[in-house]
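Colleague: Sequence isn't available, so here's the structure alone:
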């Protein structure tokens, strides 16, 4: 026996730790240093999805039907993929409108409808009871099992005892107390519970570790690793089918419906909506959760099958309920500490679900069910109360206790007939009814209140008829004939086979009919009725959430008059004077003071704060009770809204235009810079050209004037001066021609006459036309041109210009008499030809090798005297060669002569 | 005694024409074809006047002008810059560096001789 006191003490100690974490989290939140503001805590808090159902029930299901437990985790994984599109939108809206719960969200979307919010609350209450009951059942069952330690036996959690002897009842009471402590310590105007989220995150980590620990122990201590375990299972005639996918009781339709249900439940169960949306601190955390949360699910599911198979193998006589394998296995192995840890893991999975769910639900009950009724029933009495926060807290506390006790009642009267998983799925199917009004409402502006009411009621009724009533029938509350034959013997109305739709599993069947009627009701209801102004405003604000930057559309609806002091009083009643003062100070700070007579913006501000405390619908009722004045007509509202949307649209376009303009002007600036650079280069070119032109011109003019002034000059000197004039004139002509050539090439206005030409003949011709230069300086020329023609595609006249230029350069730099020039034609790599012109002149230093191909750059060498040139020969040659896809360069060292090399591609 | 003139230019034909003109005008003429050669010539025997080209290899005209003015022994040397660029900036730069006058290329032979004479007369 493990004594009750040990179990109870550790359970209480564990709850104490959780409470400590929650308390610390709240403290930190109050001082503005949130401990939950990071994506990992956010992701862990989402794992509240994994309840006792996961902790115990998955193994139970796997032990009976193999991989059938998976769709429940496949759904959330799929939903996580859609987070960025769906969840982010919902979170953005929720923050903008200070929405407090899923009922509030749906109510707000459809014109702040109190009726709709109340209806959602009712559905949630009814739908969630089975879920709460299975958590209670799990805690009680695990407790009863553990106290028998070390004996492991199948014991039903009996409902035969009277209530006061029932463990489950006391579990429910203790949980109620803890929940009140955790969740209703004060009214928060944002309706966020940082402390609870922190505790949930811790709890998620704890249950994961406990579960994995059991998995490791079973797999590696009880068996010799997964290989051994699966081999033994495969050898077992009962277990072998579990390892194959063929055992899918509902067929693939069953998988599909389960996946769909869990997808929807993951987002729309009240507690999931709370942690995913309302408690979200920062939208960017969603990004990490998209992959991190599926990872958590993977981890917690990793050992489900091993534990299930291990349980079946160990307890092969069927003496132990598969739902308790997780706990029973460590017990059977005499591991008390591990068993206790597992118990605490299961407890924390179940308790956190119950606490969070009931806190969320009690807020909904208070804001969307009780308050509206009170406000409607006796507004005067309420208006006289000065402090409401106590009343609100009271309502919520009563709500919590009521909900948990209702869960207990369900467990006591219905729950016994169902395994953990089955009850959970009933709740899932109820939560799925919220999918159409929310998801369609997010994207379709025309969806209106009437449609939502019709659809939601229809879906809910179908759900109750096809899932809830049959569950009761199974427990004997309604005759079994109701299920088997149909009510009053009407076959068509059989709850598991409506209108003759048979052979589907019950969930698939229910999902099909309820979704059909829910969506159909929403769509047709919306199309057949006209929305009122508020509905239109809310609809367009929800759908256009990412388009609007400010959400003051519905503040336009307030045109009435109210004293600011009255607004303050109203707020103080709900939030307490301290928070109300803080809020008004904040407003004054942001808007530089507030007016005595409240304007629509301040009224709206107050409404939103109030909505955070009591829900959108009630807040609207409260505000309109003190604001005197007319409500704007639909036309006025729509005009104003349209205008603001148009203005936004217009300003966005303006912004885009200004971006474009900016880009264009940047391009212009760039182009301008390029032009200026070109201009500068051109200026430089012109100034260099004029300098080069002036030089020969200076000589020509000087000698002409000298000759003119000295008519009786000696013949010899006269002819010397005249020959200088002639030479300088030639230089001038050459220069002008080359400048023109260069300009033509640069501007692309040159005509190329490309033809098949023989390089050997071409070089021969070039040699002939420069032979005079060689003779004059007595420079020797060696030809190494080979024997056969070398055909390439090229412009004959331009290429010959290149060779002549190279040959005359070579002669120019060679010493007189002893000068030697070699011209060589030979094949190079890849069908290219190489022309080399070698001289034995002074050579060129390596720093000049590139520069000499620049315009007007001449190698100056005072020692050798300055040879005459234009400084354009090589640049022009380079342009011509490059136009032929060839290359020209020089290889040389000072004092070693120079080799100019031209490489040209052969004929293609 | 005839005034000493140093003609500095890297274009042999221009040097030749100036040399001819100065000799004809009765001056004693030496020539140099780059900046360093010019400074060497001045160092060996300071002339009365330098006809100095700007664009030259191995020390351009400005540098030579600056070097002359940096040496107090050569304070009496007159300098006429020969610039192919008629731009104001170039002239001003030459004058700022201590040149006494400038002549733009292509020059009038008569003008060159007159300017040289005028400048030497001022000095005397």
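Modeller: Perfect, I can see it now. Values in this document were obtained by computation on a predicted structure and should not be read as measured data.

Colleague: Show me where chain B has its helices.
Modeller: Per DSSP state H, chain B carries helices over the ranges B:12-24, B:35-44, B:61-70, B:88-96, B:109-123.

Colleague: would you turn the ones you listed into JSON lines with mean pLDDT, mean neighbour count and distance to chain A?
Modeller: No exception for glycine: its C-beta is placed from N, CA and C like everyone else's. Output for the helices of chain B, formatted as JSON lines (pLDDT from 0 to 100; neighbours: other C-beta atoms under 10 Å in any protein chain shown; distance: least, C-beta to the nearest C-beta, whole Å):
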{"stretch": "helix B:12-24", "mean pLDDT": "92", "mean neighbour count": "21", "distance to chain A": "4"}
{"stretch": "helix B:35-44", "mean pLDDT": "89", "mean neighbour count": "18", "distance to chain A": "7"}
{"stretch": "helix B:61-70", "mean pLDDT": "88", "mean neighbour count": "19", "distance to chain A": "13"}
{"stretch": "helix B:88-96", "mean pLDDT": "74", "mean neighbour count": "14", "distance to chain A": "10"}
{"stretch": "helix B:109-123", "mean pLDDT": "88", "mean neighbour count": "15", "distance to chain A": "4"}
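
Colleague: Compile those into a markdown table and extend it with columns for distance to residue A:326.
Modeller: A markdown table is the format used below for those (distance: least, C-beta to C-beta, whole Å):
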| stretch | distance to residue A:326 |
| --- | --- |
| helix B:12-24 | 108 |
| helix B:35-44 | 99 |
| helix B:61-70 | 96 |
| helix B:88-96 | 94 |
| helix B:109-123 | 114 |
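
Colleague: of all those, which lies closest to residue A:423?
Modeller: helix B:88-96 (97.0 Å; C-beta to C-beta).

Colleague: And the contacts of the closest one?
Modeller: Residues outside helix B:88-96 that contact it (C-beta atoms under 8 Å, 6 or more residues apart in numbering or on different chains): B:54, B:61-62, B:65, B:81, B:83, B:102.

Colleague: Swap in 7 Å and give it another go.
Modeller: B:54, B:62, B:65, B:81, B:83, B:102 (C-beta atoms under 7 Å, 6 or more residues apart in numbering or on different chains).

Colleague: got it, and stretch A:225-236?
Modeller: Applying C-beta under 7 Å, 6+ apart, the contact partners of stretch A:225-236 are A:219, A:223, A:239-240, A:243, A:306, A:309-310, A:313.

Colleague: Average pLDDT for that stretch, rounded please.
Modeller: When pLDDT is averaged over stretch A:225-236, the result is 82.

Colleague: got the domain boundaries for chain A?
Modeller: Chain A breaks down by automatic domain parsing into domains covering A:4-377+A:386-416, A:552-632, A:637-742, A:751-905.

Colleague: just to revisit the earlier point, as JSON lines, the contacts of helix B:88-96 with distance to residue A:63 would be great.
Modeller: What follows is those, written out as JSON lines (distance: C-beta to C-beta, whole Å):
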{"residue": "B:54", "distance to residue A:63": "103"}
{"residue": "B:62", "distance to residue A:63": "101"}
{"residue": "B:65", "distance to residue A:63": "106"}
{"residue": "B:81", "distance to residue A:63": "108"}
{"residue": "B:83", "distance to residue A:63": "105"}
{"residue": "B:102", "distance to residue A:63": "109"}
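
Colleague: coming back round to it: wait, which of the domains of chain A is closest to residue B:107?
Modeller: Going by C-beta to C-beta, the one of these nearest residue B:107 is domain A:637-742, 6.8 Å.

Colleague: which residue is nearest the centroid of chain B?
Modeller: Geometric centre of chain B, nearest residue: residue B:51, 1.7 Å, by C-alpha atoms, centre = their mean.

Colleague: ok, that residue to residue A:452 distance?
Modeller: 103 Å (C-beta to C-beta, to the nearest Å).

Colleague: Ok, residue A:110 next?
Modeller: With C-beta to C-beta as the criterion, residue A:110 and residue A:452 are 5 Å apart.

Colleague: Ok, residue A:114 next?
Modeller: From residue A:114 over to residue A:452 the distance is 13 Å, taken as C-beta to C-beta.

Colleague: Could you check which of these two has the larger neighbour count?
Modeller: residue A:452 (31 against 24; other C-beta atoms under 10 Å in any protein chain shown).

Colleague: Residue A:102 contacts residue A:433, correct?
Modeller: No. Contact between residue A:102 and residue A:433 fails when scored by C-beta atoms under 7 Å: they sit 11.1 Å apart.
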